[in-house]
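Engineer: Sharing a model prediction with you, sequence too.
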Amino acid sequence: MEKMKFHEVLEIAESLSETEQNDLVEILQKRLAQKRRQEISANIATAHREYELGQTETVTVEELMADLEE
């Protein structure tokens, strides 16, 4: 299947009824939320693995904030 261009998707979405458009928005929001939850879960699993392997270090809040500002 050929990948559609964004404007083509918008045109198709605009051809839907208002109810269908609302359903589409709700489905997309739920899918995006689920995708983000999966990403967070994967990040947590990686952090746990790194901790168990001793690949983490203890830092103060000040050190962490300084790293974030860089």
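Structural biologist: Perfect, I can see it now. Numbers count the residues shown, from 1 in each chain.

Engineer: what about the helices in the chain?
Structural biologist: In the chain, the helices defined using DSSP state H lie at 6-15, 18-52, 61-69.

Engineer: Mind giving me the packing neighbours of the longest one?
Structural biologist: Contacts of helix 18-52 with other secondary structure elements, assessed using 3 or more C-beta pairs under 8 Å, 6 or more residues apart in numbering; DSSP states H and E, are made with helix 6-15. Glycine gets a C-beta too; all of them are placed from N, C-alpha and C.

Engineer: Now do the helix it packs on against helix 18-52: the angle between them, please.
Structural biologist: Interaxial angle, helix 6-15 versus helix 18-52 (axes from the mean of the first three to the mean of the last three C-alpha atoms, to 10 degrees): 130 degrees.

Engineer: Just the mean pLDDT for helix 6-15, thanks.
Structural biologist: Throughout helix 6-15, pLDDT has a mean value of 97.

Engineer: Pull the residues that contact it.
Structural biologist: Where contact means C-beta atoms under 8 Å, 6 or more residues apart in numbering, the residues beyond helix 6-15 that reach it are 4, 21, 24.

Engineer: Now tabulate the helices of the chain in a markdown table and tack on mean neighbour count.
Structural biologist: Output for the helices of the chain, formatted as a markdown table (neighbours: other C-beta atoms under 10 Å):
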| stretch | mean neighbour count |
| --- | --- |
| helix 6-15 | 10 |
| helix 18-52 | 10 |
| helix 61-69 | 9 |
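
Engineer: Good, we can wrap up now.
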